[in-house]
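[1] sequence first, then the predicted structure, then my questions.
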Amino acid sequence: MAGKAQTAFQLEKEVELVVKKIGGNVPEKSVKGDAMATKPDTWKTKIGALVDSGDGEVFLPSSYPCISRVHSNLREENPKAFTPSLISIGPLHQGNKELQAMEKHKSSYLRTFLHVTTLGFDDCFNLVRKWEADARRCYAETFEQKNGEFAKIILEDGCFVVVFILVYFNLFSIEGDHPDPDPHPLNGQKYWTWQVMMEMMLLENQLPFFVIDRLYWFVRCSNNFNAKSNTEWKDFPPTRELVSAFFKKVTDVNIPPNIPENLDHFVDLLRFLYNPKSKRKESTGNDCREIFSTPSASHLDVESMGNDCSEFFSTRSATHLHAAGVKFGRAKGSPMDIEFTKGVLKIHRLLIQEGTEIIFRNLLAFEQLHCPDESITAYLCFLDKLIDTPSDVDLLKEAGVIRSIGGSNEDVCKLFNNIWRNANLTSSAQFSPACEDLNAYCGTPWNKCMAPLKREYLSTPWKVMGITAGFSVLILTFIQAVCSILTAD
């Protein structure tokens, strides 16, 4: 079921500009999609009518299931990278005693949602019950929750995510009396905010994207949605643009203008942000739940899992490439763009900070379990080949390719040497051409001979000037000698 697509909203480079363009009172327009009327006495009725009719902008996942537990082979290197330690989002970790302290905080965010939208809990609950069948199909596991318990989890966690993001950007002020003296206890505290952001990127901590989209839609269509800025709002960004701006704070990736509508969840969105060229799943409508019918089962061929990628990447380490005359530079475009032209290997700047390993491991797990290509896996394999020792990290830092916050060169090296272990890699059409050109360049006899000369004598302008002056003196001396011989004759 897909509704009318929203008008694309071109997000500016800086998140602050995004904040200036989101929010405000929705003008009264037609009833469909973004143009839903917002008269206080009619908008709740029209939301219900849209849900009943299937109209409005709702993009369901392209295939099912799209959310599952991470396979044991992939999580054994670092189980903590896949397991929430603060908050449970969605049903997979619901009931974990170690996460119960956050449940009361989620209830506070739910009350904010109800307060802003002026919907009662029963109104919201009944609306979410209409999506329950589609939401259940997104999960590989079959849940036993009955009597609306599953819908309650989806509603409470979804409202928490929506309100948390909006409060993070200061996008609305609460009009009237709020039932809680401290309605948003996790916002405004850097540690908790960061931790929640990181746990929203765990594959096992996901809600279907269409749930977040619909709940955000209810907020921005409410007559009580007021932004703190004085700017008059002409349009609201799609949910995917808002969430992309939210994750930009963690990933430092550029936000492309063509984000697809039928996203599975936040990890799927992150995968697209890192590599807009990655293949999207074809919409088949098939339910592949039987593939995940047992805890140890997945569509991975476990016996064939391994890390032999020499067929695709016989790439040398950065120090070896540098010794062969290769220079390094920063590429423009998406984070996974890799170019090799005229002896220069260009790689998009990679930000390494706390949480980078969590992001890459969950992207890798999602790709291995649910995606049609292996671009993330191939990218991590390439970095593993390129970064072999701390000296490689230092060389890439000098070239501006790597920016590391808070970690040593040894930490960065260890991260990429282990991160894709036990993953399956069978093809890499996206990176193979650049790697083939790189290896061919390094294997050319002329480049092998010239590399030491360039490195020792032509690496700086002063050395070039010295060599030039030396040759000039040598040539002049030779000319003088010849002239002396001719004069003597």
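    Here it is on my side, so go on.
[2] nearest residue to Val243 other than its sequence neighbours?
    Leu269 (6.1 Å; Cβ to Cβ, 6 or more residues apart in numbering). (C-beta placed from N, C-alpha, C; glycine too.)
[3] that neighbour and Ala140, how far apart?
    For Leu269, the distance to Ala140 (Cβ to Cβ, to the nearest Å) stands at 19 Å.
[4] next: Leu74.
    Following Cβ to Cβ, the distance that separates Leu74 from Ala140 is 14 Å.
[5] neighbour count: these two, which is higher?
    Between Leu74 and Ala140, counted using other Cβ atoms under 10 Å, the more crowded position is Leu74 (26 against 22).
[6] which residues sit in contact with the more buried one?
    Contacts for Leu74 (Cβ atoms under 8 Å, 6 or more residues apart in numbering) come out as Arg361, Leu364, Ala365, Gln368, Asn422, Ala423.
[7] looking at those, which is nearest Asn409?
    The closest of the contacts of Leu74 to Asn409 turns out to be Arg361 (Cβ to Cβ; 20.5 Å).
[8] I figured the closest one hits Thr83, correct?
    No: the criterion here is Cβ atoms under 8 Å, and Arg361 misses it with Thr83 at 11.2 Å.
[9] compare those two and say which is more crowded by neighbours.
    Higher neighbour count among Arg361 and Thr83: Arg361, with 27 against 18, using other Cβ under 10 Å.
[10] what helix or strand does the more buried one sit in?
    Assigned by DSSP states H and E, Arg361 falls within helix 356-370.
[11] identify each buried residue in that helix, please.
    Across helix 356-370, burial judged by 16 or more other Cβ atoms under 10 Å covers 356-370.
[12] would you list the phi and psi of the closest residue to Leu186 other than its chain neighbours?
    For Leu186, the nearest residue in space outside its immediate sequence neighbours is Trp192; the separation is 4.6 Å by Cβ to Cβ, 6+ apart. The phi and psi torsions at Trp192 (degrees, to the nearest 10) take the values phi -70, psi -40.
[13] got it, and Leu345?
    Taking degrees, to the nearest 10, you get phi -90, psi 110 for the backbone angles of Leu345.
[14] what's the burial count for it?
    Leu345 has 26 neighbours, counted by other Cβ under 10 Å.
[15] same check, this time on His348
    Using other Cβ under 10 Å, the number of residues around His348 comes to 18.
[16] hmm, Phe328 and it touching each other?
    No: the criterion here is Cβ under 8 Å, and His348 misses it with Phe328 at 12.0 Å.
[17] flag the shaky bits of the stretch 151-300 of the chain, pLDDT-wise.
    Filtered on pLDDT under 70, the stretch 151-300 of the chain yields the residue ranges 172-183, 185, 223-236, 279-300.
[18] which residues in it form helices?
    190-199, 209-220, 239-251, 266-274 (DSSP state H, counting those that start in this stretch).
[19] buried ones in the first one, by neighbour count?
    Along helix 190-199, the positions that meet the burial threshold by neighbour count (16+ other Cβ under 10 Å) are Trp192, Thr193, Gln195, Val196, Met197, Met198, Glu199.
[20] what is the mean pLDDT for the longest helix along the chain?
    If you go by DSSP state H, the chain has its longest helix at helix 461-488. Averaging pLDDT along helix 461-488 gives 74.
[21] for Met465, see how far away Leu425 is.
    Distance, Leu425 to Met465, using Cβ to Cβ: 47 Å.
[22] picking that back up, closest one to His93 out of the contacts of Leu74, please.
    The shortest gap between His93 and any of the contacts of Leu74 belongs to Ala365, at 15.3 Å (Cβ to Cβ).
[23] for the closest one, what are its contacts?
    For Ala365, the contacting residues are Val70, His71, Leu74, Arg75, Phe82, Leu203, by Cβ under 8 Å, 6+ apart.
[24] hmm, 10 Å instead?
    Going by Cβ atoms under 10 Å, 6 or more residues apart in numbering, Ala365 touches 68-71, 74-75, 81-82, 202-204, 267, 298, 376, 423.
[25] same deal with Val253?
    So, once contact is read as Cβ under 10 Å, 6+ apart, Val253 ends up touching 244, 247, 270, 272-276, 334-336, 348, 351.
[26] what's the closest of these to Leu383?
    Met336 (10.1 Å).
[27] pretty sure Thr118 is touching Ser222, no?
    Yes: assessed by Cβ atoms under 10 Å, Thr118 is found in contact with Ser222 at 6.5 Å.
[28] of the two, who's got more company?
    Each of Thr118 and Ser222 has its neighbours counted (other Cβ under 10 Å); Ser222 has more, 23 against 14.
[29] what about that one, distance to Thr239?
    Distance from Ser222 to Thr239, by Cβ to Cβ: 15 Å.
[30] same thing with Ser375?
    Distance from Ser375 to Thr239, counting by Cβ to Cβ: 24 Å.
[31] quick one: which of these two has more around it?
    Thr239 (26 against 22).
[32] spatially nearest residue to that one (excluding sequence neighbours)?
    Per Cβ to Cβ, 6+ apart, closest to Thr239 is Asp213, 4.4 Å.
[33] now the strands for this protein?
    Counting by DSSP state E, the chain has strands at residues 327-330, 338-341, 344-347, 350-352, 402-404.
[34] so how many other residues sit close to the nearest residue to Phe360 once chain neighbours are set aside?
    Nearest residue to Phe360 in three dimensions, chain neighbours excluded: Ile419, at 5.7 Å (Cβ to Cβ, 6+ apart). Counted with other Cβ under 10 Å, the neighbours of Ile419 add up to 21.
[35] right, and Ile419 touches Phe382 too?
    No: shown here, Ile419 and Phe382 do not form a contact pair, counting by Cβ under 10 Å, at 11.8 Å.
[36] rewinding a little: just the closest of the buried residues of helix 190-199 to Ala434, please.
    Met198 (31.2 Å).
[37] distance check, the closest one against Ile255.
    Relative to Ile255, and taking Cβ to Cβ, Met198 is found at 19 Å.
[38] joint contacts of His348 and Phe328?
    Common neighbours of His348 and Phe328, using Cβ under 10 Å, 6+ apart, are Val401.
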